[in-house]
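# pasting the sequence and the predicted model now:
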Amino acid sequence: MMLRLEPRGERAALWVYGAPALALVCTVLITGAIFAILGAPPVKAIETFLLSPLDTLAGVASVLVRSAPLILIGIGLALCYRASVWNIGADGQFTVGAITGGGIALNFPHAPFALLYPAVLVAGIAGGMAYAAIVALLKLRFNASEILTSLMLTYIAQLLLVWLVTGPWRDPHGFGFPQSAMFPDAATTPDVFPGTGIHLGCLLAPLLALLVWLLMTRSTLGFQLRVLGAAPRAARYGGFSQARLTWIALLVSGGLSGLAGIIEVTGPIGQLTTSITPGYGFTAVIVAFLGRLHPVGVIFAGLLLALSYRGGDAAQISLGMPNAVTGIFQGILLFCLLGADVLILYRVRLRRRARLAPVAATERAS
Amino acid sequence: MSQIGRREFATLLAGSAAALAAGGAEPASAAAPLKVGFVYLGPVGDFGWTYQHDVGRKQAVAHYGGKIVTTFVENVPESPSCQAVFEDLAAKGNQLIFGTSFGYMNYMVRVAKRYPHVMFEHCTGYKRAANLATYNIRFYQGRYVQGVIAGSLSKTGVAGYVASVPVPEVVQGMDAFLLGMRSVNPKAQLKFVMIDSWYDPGKEGDAAKALIDQGCDIITQHTDSPAPLQTAASHGIKAFGEATDMIKFAPKDQLTAIVNNWGGYYIQRIGLALAGKWHSTDTWGGVHSGMLEMAPFRNMPASTEALAVKTVAAIGAHRNRIFVGPLTNQQGKVFVPAGEVMSDAALSGLQTLVDGVEGHLG
C-alpha cells in the first residue's frame, strides 16, 4: 500500500476552507505532544496557551489590541498579494505613518480633539501612502523589484525615527532618553469601552476588512486586481492598466499600514520611541497568507497570532515554560498550513503497490 | 484565591523542579508564600543584562526558600504587549513585581495605577508612584576603574567605546571612562561608535573592529553581548566584559568586567515586602552597596592591578566621586567648576561629553 498525490486539475472548494481548520487541529496535536515532552500535562498546557488568555476582560482586551495592527496591515497586504504586488515593507510604512501623524500631534498640543485627532489620523494614512508611493514609482519607472525596495525602505524609516526621537523631537523633560513627549489627550486614540484599553483601532480593523472584502468582490476594480494577480496576460488583453492597479494596491496597503502605525503610537504606546513595532509588518505577512489573502480570513488569522503571543506569556507565567513555545507554535502552524494546502490542488489516493523491488520502492518513496 | 493558588501550585509541581524546591511538602497547609514576579527584556541565557537579573532572582530564592515563590517572564519587548504581562502577573497574585528594562516605564506606571495594592519596582526608570519604586546601579563607577586600567595600559593613548544609545547612563559611562584614563595619562582620548541598540552581536562586533582600525588599542563596551570582547581578542587587543564576568569568552584578553549584582537588592526589597515595611524608593547603588562589583583583574601587570584595586577602594569609600570639577566639555568650556561635585540630578540627565571624547551624540 502507498499514498499517492494526484492532481485534481481544479481547486477543491472544500479544502480551501478545510485546510486551515485541519492545519489548526494538527498544530494543536503536535504542540500538545511537545508540551508533554517538556513535562507539562498536554491538555492543561493547551488550555493555558490557547484559552486562558481569554479568561479575563483584560486578557481579551490585550489580544484585541495586539491583533489590531496585524489585521490592519494584513488586509492591505492581502490585497497587494492578490494583485501579485509583493509589498514586504509594511513595517516601514507603519513607522512613517506614526512619524507623520505623530509630528502633527506633537506640534499642535493645544488643538481640540475634534480637529486634532482626525488630522493626526489623516496625516498617518498619508505618510504611509507616500512611503509606499516611492516603491510604486521605483517599480513602474525603473522596473526595480518592489520586494527589495520596500524592504530596504523599512530600515530607512526606522533610522529616521531614531534620528527624530534622539534629536529634534526628543522630549526636553525626558532626561535625555530617546523618546518624544507623551501625546496630548486630544491626539490620543480613544477607548471604545472606556477603561478597558480596547481602542478605536480594534473596531476599525474588522470594519475596514469588510470594506476591502466588498471592494474586492463587488467592484470592477477588485475584479481587475484579482485578474492582474491570477492571469497578468489576461489583464493586459482586457485592457486593464497594470500601472494604475499597482499604484492602487500599494497606496491602499501603505495607507492601511500608516493608519496602523498612527493608531499604535497614539493608542497603546502614547508617544514616539525608538521601538514602536516589534515587527508587525513582517508578522502581518504570515497573517495575510494564513488568512488565505482574504480580508475576513485576515481577521481570524490576526486574532490567532495575537492569541499565540499572549498564550506564550501565559505559558511562561502559569507553567514556567520557555518563551520559545510561541515561536514553535507559530512555526508549526505555518508548516501545517502549507502542508494542508496540498489538499486543495491534489487528492490523496491509497494505492496497492505493484510488484516492485524494495530498492526501487525506496527510491520512489524518497 | 487559595484555590487558585493551590491549582497553580499543583501545575507548577508537575511542570518544574524549581517549584519543588520552593514548595516543600503540603501546599495547602503551608503559610501562603509571597509571590514575586520578574519581567525580563532578553532571554535568561543572554550572558549579560538579563542573565545577571536572573542570578539575582535565584539568590533571593535561595535566601528565602519556601517563603517566596518567584515567576519570571523572559523576552518581553518594550512595547504595549509588556503591559499585558505586568497585568497578568498582578492578576495572578504576584504582590511584588520587578520590571528590568527602561522601556517598560510608561506601561508600569499604568499598571501600577490599576493595581494600587501590588508593589512594583522598575529598573533604570525615573517615574515613581506610591507603589512604584525605581532602582539602578552607578555603572559609571566601574567605567572609571576601566578607564584607569586603560590609561595605564594603552600605548596609543586612544581607547574605543562600543556605545549603545545616547541615554545619560551611556554618556556618564563614556565621560567616566575618559576621566579615569586621564587620571593616569592626561593626553588620553576616547573614540566611540553608537550602534543604536543594546543587543546586536553583529553590529557590536563591527563597531569594535571599526574602532580598532582607527587606532584604538583597548576596547570597552556598553552593549550586552560578548561580541566586542571577542572581536578585540581576535585582534590581540585587550578589552572589558559587560554586566557579567565574560572571562570564558576571552580568557587571555578580558582585563575585568563590570558585574551587575542585583541579588542583594532583591533580597533586601523582598525582605521589606515580607515584613510589610516596603516603601517606594529611588535606589542608585554602586560599589559601596555591593550592587557593582569588578570581575577579577586579569591579563595585566601587577602594578596596574594594584592601581585598579586602589581605585575601587577609593570609590567605595566615597573618596573619589569621579564627576568632580573642573570638568571641561568638548568645546573647552568648564561646565562643572573646580571643587564642585556634579549632583545626582544633573548626572541623571547628563548629555555633555567631556573634553577628550571624540564624536557627537545622535
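Received, thanks.

# quick one: contacts for the residue of the stretch 1-150 of chain A found nearest chain B?
Chain B sits closest to A:S62 of the stretch 1-150 of chain A, with a gap of 3.7 Å, by CB to the nearest CB. The way it works is simple: take the backbone N, C-alpha and C, and place the C-beta from them, glycine included. Taking CB atoms under 8 Å, 6 or more residues apart in numbering or on different chains, we find A:S62 in contact with A:53, A:197, A:310, B:81, B:83-84, B:87.

# nearest to A:Q93 among these?
B:S81 (21.0 Å; CB to CB).

# contacts for the helix or strand hosting that closest one?
Using DSSP states H and E, B:S81 sits within helix B:80-91. If you take CB under 8 Å, 6+ apart as the criterion, helix B:80-91 is touched by A:56, A:58-59, A:62, A:65-66, A:197, A:264, A:268-269, A:278, A:309-310, A:313-314, A:317, B:37, B:39, B:71, B:73, B:76, B:97, B:99, B:103-104, B:107-108, B:110-111, B:114-115, B:118, B:120.

# hmm, try it at 7 Å
Outside helix B:80-91, the residues within contact range by CB atoms under 7 Å, 6 or more residues apart in numbering or on different chains are A:56, A:58, A:62, A:65-66, A:268-269, A:309-310, A:313-314, A:317, B:37, B:39, B:71, B:73, B:76, B:97, B:99, B:104, B:107-108, B:110-111, B:115, B:118.

# give the pairing partners of the helix or strand just after it; include direction for each.
Sequence-wise, the next helix or strand downstream of helix B:80-91 (DSSP H and E) is strand B:96-99. Paired neighbours of strand B:96-99 in the sheet (DSSP bridges): strand B:34-39 (parallel), strand B:119-123 (parallel).

# helix or strand next in line after the first one, which one?
Proceeding C-terminally, strand B:34-39 gives way to helix B:49-64 as the next helix or strand, assigned by DSSP H and E.

# distance-wise, check B:G45 relative to chain A.
10 Å (CB to the nearest CB, to the nearest Å).

# which residues touch that residue?
Counting by CB under 7 Å, 6+ apart, B:G45 has contacts B:Y51.

# 10 Å instead, please
Listed by CB atoms under 10 Å, 6 or more residues apart in numbering or on different chains, the contact set of B:G45 reads A:322, B:51, B:54, B:74.

# show the backbone phi and psi for it.
Taking degrees, to the nearest 10, you get phi -100, psi 30 for the backbone angles of B:G45.

# check the gap between the closest residue to chain A within the stretch 201-350 of chain B and A:G174 for me.
Nearest residue of the stretch 201-350 of chain B to chain A (CB to the nearest CB) works out as B:G349 at 4.6 Å. Distance of B:G349 to A:G174, given as CB to CB, to the nearest Å: 9 Å.

# tell me, what's touching the two both at once?
Joint contacts of B:G349 and A:G174 (CB under 10 Å, 6+ apart) are B:126, B:167.

# what's the neighbour count on residue 284?
No chain in the question, so chain A it is. 32 (other CB atoms under 10 Å in any protein chain shown).

# hmm, I had chain B in mind actually
For B:W284, the neighbour count with other CB under 10 Å is 14.

# with A:G239 instead?
When neighbours are counted by other CB under 10 Å, A:G239 registers 7.

# before we move on, which element is it in?
Per DSSP H and E: A:G239 is located in neither a helix nor a strand.

# could you check the pLDDT of the spatially most central residue of chain B?
Nearest to the geometric centre of chain B sits B:N260, at 5.1 Å (CA atoms, centre = their mean). pLDDT recorded at B:N260 is 95.

# how much space between it and B:T50?
10 Å.

# same deal with B:I322?
27 Å.

# same check, this time on B:Q254
Distance of B:Q254 to B:T50, given as CB to CB: 20 Å.

# equivalent analysis for A:L115, please.
A:L115 is 45 Å from B:T50, by CB to CB.

# neighbour count for those two, which is higher?
A side-by-side neighbour count of A:L115 and B:T50, using other CB under 10 Å, places B:T50 first with 26 against 11.

# pretty sure that one contacts B:V73?
No: B:T50 is beyond contact range of B:V73, at 11.1 Å (criterion: CB atoms under 10 Å).

# which residues do those two both contact?
Shared contacts of B:T50 and B:V73 (CB under 10 Å, 6+ apart): B:38, B:40.

# and stretch A:308-315, average pLDDT?
For stretch A:308-315, mean pLDDT is 86.

# spatially nearest residue to A:Y155, not counting backbone neighbours?
A:G92 (7.6 Å; CB to CB, 6 or more residues apart in numbering or on different chains).

# pretty sure B:S154 sits against B:R182.
No: contact criterion CB under 10 Å: B:S154 and B:R182 do not qualify, at 11.6 Å.

# what is in contact with these two at once?
Common contacts of B:S154 and B:R182 (CB under 10 Å, 6+ apart): B:188-189.

# what is A:H199 paired to in the beta sheet?
Beta-bridge partners, per DSSP bridges, of A:H199: A:D191.

# neighbours around it, how many?
Using other CB under 10 Å, the number of residues around A:H199 comes to 23.

# quick one: low-confidence parts of chain A?
A:1, A:352-366 (pLDDT under 70).

# what number of residues lie near B:L274?
Quick note: B:L274 (other CB under 10 Å) scores 17 neighbours.

# let's see the pLDDT reported for it.
96.

# what residues are up against the closest residue to A:V285 other than its chain neighbours?
Nearest non-adjacent residue to A:V285, counting by CB to CB, 6+ apart: A:L77, 6.2 Å away. Applying CB under 10 Å, 6+ apart to A:L77 gives the contacts A:85-88, A:90, A:249, A:253, A:256-257, A:281, A:284-289, A:291, A:293, A:298.

# so which of those residues sit within helices?
Of those, the ones assigned to helices by DSSP state H are A:90, A:249, A:253, A:256-257, A:281, A:284-289, A:298.

# please look at the residue nearest to the centre of chain B and B:F139 and confirm they touch.
Yes: under the criterion of CB under 10 Å, B:N260 makes contact with B:F139 at 7.8 Å.

# overlap in contacts, the two.
Shared contacts of B:N260 and B:F139, counting by CB under 10 Å, 6+ apart, come down to B:242-243, B:291-292.

# pLDDT weak spots in chain B?
Residues of chain B that meet the cut-off, pLDDT under 70, sit at B:1-30, B:362.
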